[in-house]
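Chemist: one predicted model, sequence on top.
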Amino acid sequence: MSMATTDPRAAGPAPFVPQAYRVEEVTRELADTVSLRLAPLDGARPDFRPGQFNMLWAFGVGEAAISISDVETDGSFVHTVRAVGAVSGALAGLEVGTRVGLRGPFGTGWRVAEARGADVVVVAGGLGLAPLRPAIQALLADRARYGRVAILVGARSPETLLYPEALAPWQRRPDVEVLVTVDHAGADWAGRVGVVPGLVPRAAFDADDCVALVCGPEVMMRFTVAALRHAGVAAERIHVSMERNMKCAVGWCGHCQFGPAFVCKDGPVMRYDAIADLFSIPEV
């Protein structure tokens with residue numbers, strides 16, 4: 001297995017020192033999920049690539065790796081956070097005006113530029129739409145340079161669909177195919193019911209000239225990869241986001257080790273053929 005190596009010093013002049021950011025806006029996305037718009041206090045935001053993550057520090061609690069879900073024109077980062085633990089719960093409870101620490105961006109990004117000229121299939125499950133949104137925005141902003149674009153989105157229920165305000169305009173575009181499904185729904189839901197990997201056979205794309213971007217729970221990604229491979233998409237053309245428990249973000253602490261790789265510096269976006277042997281092993 002060939003993996004890239006990253007010198008921690010390449011992450012910035014002080015990769016372990018969080019920079020001060022201010023919470024400019026808090027948007028309630030779901031019952032347990034918010035989006036935080038964070039602006040740097042010094043007015044300078046570092047460059048980022050869609051798919052990268054930042055380490056967000058809730059002062060007095062700790063820090064956590066959170067994918068970048070958007071970047072505003074004023075230079076502020078947007079992070080979508082689900083409250084599932086002490087740190088994420090503290091971050092999700094922040095109010096406008098609060099200061100947070102931020103280190104990053106870190107990690108690899110979605111291979112959006114490499115996909116130019118090919119069809120692109122984006123598959124998001126649950127909160128996986130958050131790290132994929134910047135890639136989708138990049139695709140749509142440069143739409144003429146790609147073939148067919150299919151965006152496949154799944155959630156547990158209609159109430160847990162992320163970013164409905166973004167899905168609606170995407171669905172209205174004639175140059176994009178957007179398919180949405182939920183695992184279960186009541187009688188008032190008029191859309192598809194089923195798991196998101198089941199959308200792959202319904203999407204229009206050329207399997208011989210296609211790039212797939214996949215993010216979601218690992219079981220969802222395993223079945224999605226299987227569906228893409230069954231459709232004829234080559235393993236090296238499938239990219240998955242392997243978000244793991246990260247502490248240092250620069251490959252020193254070992255918390256995110258994935259076989260011989262470290263997700264923080266060799267990922268989180270990884271080419272499927274490079275990790276195929278480990279991908280189906282839940283314990284790794």
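Modeler: All right, it came through fine.
Chemist: show me where this protein has helices.
Modeler: The residue ranges that make up the helices of the chain, judged by DSSP state H, are 86-92, 129-141, 164-172, 218-231, 263-266, 272-279.
Chemist: return the most buried member of these.
Modeler: Mean neighbour counts were compared across those using mean count of other C-beta atoms under 10 Å; the top stretch is helix 263-266, at a mean of 27. Quick note: C-beta positions are derived from backbone N, CA and C, even for glycine.
Chemist: which intervals of the stretch 1-150 of the chain have sub-threshold pLDDT?
Modeler: For the stretch 1-150 of the chain, residues meeting the criterion pLDDT under 70 lie at 1-14.
Chemist: could you pull out the strands for it?
Modeler: Ranges of strands in the stretch 1-150 of the chain, per DSSP state E, counting those that start in this stretch, are 19-30, 33-40, 53-58, 62-71, 77-82, 99-106, 119-125, 149-155.
Chemist: got those as a markdown table, with distance to Leu278 and mean neighbour count columns?
Modeler: Putting those into a markdown table (distance: least, C-beta to C-beta, whole Å; neighbours: other C-beta atoms under 10 Å) gives the following:
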| stretch | distance to Leu278 | mean neighbour count |
| --- | --- | --- |
| strand 19-30 | 31 | 16 |
| strand 33-40 | 29 | 20 |
| strand 53-58 | 20 | 25 |
| strand 62-71 | 20 | 22 |
| strand 77-82 | 25 | 23 |
| strand 99-106 | 21 | 21 |
| strand 119-125 | 20 | 27 |
| strand 149-155 | 24 | 25 |
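Chemist: nearest to Ala212, out of the ones you listed?
Modeler: Relative to Ala212, the nearest member of these by C-beta to C-beta is strand 119-125, separated by 4.6 Å.
Chemist: can you give me the end-to-end distance of stretch 141-155?
Modeler: 25 Å (C-alpha to C-alpha, to the nearest Å).
Chemist: scratch that, stretch 140-157 is what I was asking about
Modeler: End-to-end distance for stretch 140-157, by C-alpha to C-alpha: 26 Å.
Chemist: got it, and stretch 229-245?
Modeler: Note: stretch 229-245 ends 28 Å apart using C-alpha to C-alpha.
Chemist: for the residue in the chain sticking out farthest from the centre, what are phi and psi?
Modeler: Distance to the chain centre peaks in the chain at Ala187, reaching 30.9 Å (criterion: C-alpha atoms, centre = their mean). Per-residue torsions, Ala187: phi -70, psi -20 (degrees, to the nearest 10).
Chemist: what's near enough to touch Pro197?
Modeler: Shown in contact with Pro197 (C-beta atoms under 8 Å, 6 or more residues apart in numbering): 123, 220, 223-224, 226-227.
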